[in-house]
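>>> starting from these lines, generate the structure:
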Amino acid sequence: SVIILDELHKVKHATSKRSQNIELVASKAKNRWGATATISANKPQDVKNQLSILGHPIGKMSEGRFKKEFSGMVPMGYGGAYVENPDFEERLIAAENLNKWMHLSGVYMRHSKEDMRSERSEKMPDINIDKVKSDSIKDEKEFNTRFKSKVRSYDDPELAISKLLAYRDLIATEKTDSTVKMAVDIIKNNYKNPENNYSSSKVLIFTNFRESGDLLLKKSIEELSKLNPDWKAYSFLSATPKKELEMVKSRMEDPNSKILVMSMKMGGTGISFPNTFKTMIVNDYDWTPEAVEQSEGRIYRINTNQNVNIIYNINDGLDSDI
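As a prediction, the model looks like this:
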């Protein structure tokens, strides 16, 4: 009689096999609830399929009408196809129109961490977000050579997306030195502090790419061993053995476990550290708001009992533009 769809934002494309299978199951349930901390990963259009699966009238609207009224799109493409409106204000108005109707129809109930804590007469700790500029590319010539080689390895090297991915991958490796230095400095500055709890001298590091993940782990182990042979760094990456992945939460509770390097794709959901880490450094970030919010949520949970710090390591140039 009831179906609950957790991480509802994952069913944004009506044509995907996952969405079609879920709709078949959901259609049998009298009561359908969706739960997510990120209702729209990118655009209002993402919400239409969610509303359709939940059986809401807005979800049953035609694609064209939804695009016009709630995504702010305009029929200016080939054959009258809807495309993104160049007028940003009109897109904002359309998105707010969707927000209004979801509230008025009672389909959308926002229940934030602050709301839930206040019900227990508690205050949610603060989340502080900083952007730190790291050094520019050390050797431009070498970087350009690696960039050209990386792009050539893709199926279609002429695509803009191929060049962007290659750049993001390489710049992630360029930033590993400064990210590890930031992490080690935080650990050094906090582990002797008499007011310190053990989470202040631990750092969680996120990355999107395999090579940068391997480098971050290797450099973290090297730098920590110089300070204290008992201090350890661990990983939650695609290359991490399965047995170690299963032990990561218990391992990081050890006061000598100082750095955890995580893949944003593997660790962005499903695992959390509400009071294990006080600081998270994002070596390189995904370009969707959903992934960014999900990664921040690994240490900023409903049961977090301390202020947390999120630091984004940003290089000059295209990295900064993105």
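>>> CA only for contacts and neighbour counts going forward, please
OK.
>>> so where's the stretch 51-200 of the chain shaky on pLDDT?
Along the stretch 51-200 of the chain, the model assigns pLDDT under 70 to residues 194-197.
>>> ok, which stretches of it are helices?
Secondary structure of the stretch 51-200 of the chain, counting by DSSP state H, counting those that start in this stretch: helices at 63-69, 88-104, 113-118, 140-152, 160-174, 176-190.
>>> list the buried residues in the fifth one.
Going back to what we said before, that points to helix 160-174. Buried residues in helix 160-174, defined by neighbour count with 16 or more other Cα atoms under 10 Å: Ser162, Lys163, Ala166, Tyr167, Arg168, Asp169, Leu170, Ile171, Ala172, Thr173, Glu174.
>>> and the contacts of that helix?
137-138, 143, 146-147, 150-151, 154, 156-157, 207-209, 211-212, 215, 283-284, 315, 319 (Cα atoms under 8 Å, 6 or more residues apart in numbering).
>>> buried subset of those?
In the contacts of helix 160-174, the ones that pass as buried (16+ other Cα under 10 Å) are 143, 147, 150-151, 157, 207-209, 212, 215, 283-284, 315, 319.
>>> hang on, the earlier thing: how about a markdown table for the buried residues of helix 160-174, with distance to Glu89 added?
Below are those laid out as a markdown table (distance: Cα to Cα, whole Å):
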| residue | distance to Glu89 |
| --- | --- |
| Ser162 | 31 |
| Lys163 | 30 |
| Ala166 | 33 |
| Tyr167 | 31 |
| Arg168 | 30 |
| Asp169 | 33 |
| Leu170 | 35 |
| Ile171 | 33 |
| Ala172 | 34 |
| Thr173 | 38 |
| Glu174 | 37 |
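>>> now for those, which pair is the farthest apart?
Maximum pairwise distance among the buried residues of helix 160-174 (Cα to Cα): 18.5 Å, between Ser162 and Glu174.
>>> residues contacting Lys43?
With contact set as Cα under 8 Å, 6+ apart, Lys43 has these partners: Ser71.
>>> again, but for Pro125
Neighbouring residues of Pro125 by Cα under 8 Å, 6+ apart: Thr304, Asn305, Gln306, Asn307, Val308.
>>> against Met252, how distant is Thr276?
Distance of Thr276 to Met252, given as Cα to Cα, to the nearest Å: 7 Å.
>>> just to revisit the earlier point, can you tell me which of the contacts of helix 160-174 end up in strands?
Thr207 (DSSP state E).
>>> the residue lying closest to Ile302 once chain neighbours are set aside: how many residues sit nearby?
Spatial nearest neighbour of Ile302, chain neighbours left out: Lys113 (5.4 Å); criterion: Cα to Cα, 6 or more residues apart in numbering. By the criterion of other Cα atoms under 10 Å, Lys113 has 17 neighbours.
>>> hang on, isn't Lys113 packed against Lys123?
No. With contact defined as Cα atoms under 8 Å, Lys113 does not reach Lys123; the gap is 9.4 Å.
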